[in-house]
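K.L.:
this is the structure alone, sequence omitted:
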């Protein structure tokens with residue numbers, strides 16, 4: 001019985017080890033152009049807002065481990081978010097990883113992203129759309145999802161807060177300057193009115209004296 005228990009535990013451990021890479025890093029696998037097996041996802045997962053990352057694609061010939069090289073010269077990726085127009089990014093190869101290509105970017109919003117690879121592979125036209133989600137590759141998440149026990153603003157949020165504080169300070173400074181200007185104008189107007197009154201009083205006194 002003890003041997004069976006140990007054997008079961010060893011088998012379970014082996015299964016966990018085999019499954020672990022798929023749990024740690026999710027990618028979508030697909031055959032495209034009828035000739036190539038590709039694996040698409042983020043270069044680093046989990047993918048966090050405000051952290052430098054890259055859209056990635058690994059390309060091998062169908063049914064083999066033979067990497068397809070030189071694709072960075074003929075293939076690009078268009079990345080879209082939230083229904084906005086996509087932005088095109090160039091791909092570049094990664095040293096020591098034949099057939100693996102990335103497009104560097106820093107995601108600035110949490111949610112689902114769409115990668116569309118366009119161009120050609122070895123002369124074969126490519127226009128393939130991949131969207132992040134539960135059954136493909138990871139969505140981008142906020143940094144505070146993984147922070148404990150206290151959350152710290154990410155660099156983008158912090159920069160936004162600093163800008164807002166600076167804008168408020170500038171507004172207050174503008175109001176203070178306006179107040180000073182109005183105060184000076186008020187003093188000048190008041191002084192002018194006082195001088196006019198005194199001049200009028202002197203004129204009135206002189207007129208009265210001459211009349212007497």
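P.N.:
Structure received. Predicted model only: the values in this text are computed from it and were never measured. Numbers count the residues shown, from 1 in each chain.

K.L.:
phi, psi for residue 180 please.
P.N.:
With angles defined as degrees, to the nearest 10, residue 180 shows backbone torsions of phi -60, psi -40.

K.L.:
then residue 149?
P.N.:
Dihedral angles phi and psi of residue 149 (degrees, to the nearest 10) take the values phi -80, psi -20.

K.L.:
any idea which element residue 192 lies in?
P.N.:
Per DSSP states H and E, residue 192 falls inside helix 155-211.

K.L.:
what is the rounded mean pLDDT of that helix?
P.N.:
The predicted model assigns helix 155-211 a mean pLDDT of 68.

K.L.:
again, but for stretch 127-137
P.N.:
96.

K.L.:
buried residues in it?
P.N.:
Across stretch 127-137, burial judged by 16 or more other C-beta atoms under 10 Å covers 128, 130, 132, 136, 137. For the C-beta atoms, the positions are set from N, CA and C on the backbone; glycine is no exception.

K.L.:
what's the end-to-end length of that stretch?
P.N.:
Across its full length, stretch 127-137 reaches 18 Å end to end, with C-alpha to C-alpha, to the nearest Å as the criterion.

K.L.:
next: stretch 134-150.
P.N.:
Taking C-alpha to C-alpha, stretch 134-150 runs 27 Å from one end to the other.

K.L.:
buried residues in that stretch?
P.N.:
When burial is assessed from 16+ other C-beta under 10 Å, stretch 134-150 yields the following buried residues: 136, 137, 138, 139, 140, 141, 142, 143, 144.

K.L.:
repeat that for stretch 39-51.
P.N.:
Of all the residues in stretch 39-51, those buried under the rule 16+ other C-beta under 10 Å are 39, 40, 41, 42, 43, 45, 46, 47, 48, 49, 50.

K.L.:
distance of the third one from residue 105?
P.N.:
From residue 41 across to residue 105, the span is 14 Å (C-beta to C-beta, to the nearest Å).

K.L.:
need the three-state assignment for residue 107.
P.N.:
Assigned by DSSP: H, G, I helix; E, B strand; the rest coil, the conformation of residue 107 is coil.

K.L.:
could you list every residue that touches it?
P.N.:
Residue 107 sits next to 47, 48, 49, 50, 51, 53, 81, 113, 140 when contact means C-beta atoms under 8 Å, 6 or more residues apart in numbering.

K.L.:
nearest to residue 197 among those?
P.N.:
Residue 197 lies nearest to residue 50 out of those, by C-beta to C-beta, at 65.2 Å.

K.L.:
what about the nearest residue to residue 78 once chain neighbours are set aside, how many residues nearby?
P.N.:
Excluding the flanking residues, the one nearest residue 78 by C-beta to C-beta, 6 or more residues apart in numbering is residue 86, at 3.9 Å. Using other C-beta atoms under 10 Å, residue 86 has 15 neighbouring residues.

K.L.:
residue 86 contacts residue 115, doesn't it?
P.N.:
No - in this structure, residue 86 is not within contact of residue 115 by C-beta atoms under 8 Å, at 9.1 Å.

K.L.:
find the residues that touch each one of these two.
P.N.:
Counting by C-beta under 8 Å, 6+ apart, the contacts common to residue 86 and residue 115 are 78, 79.
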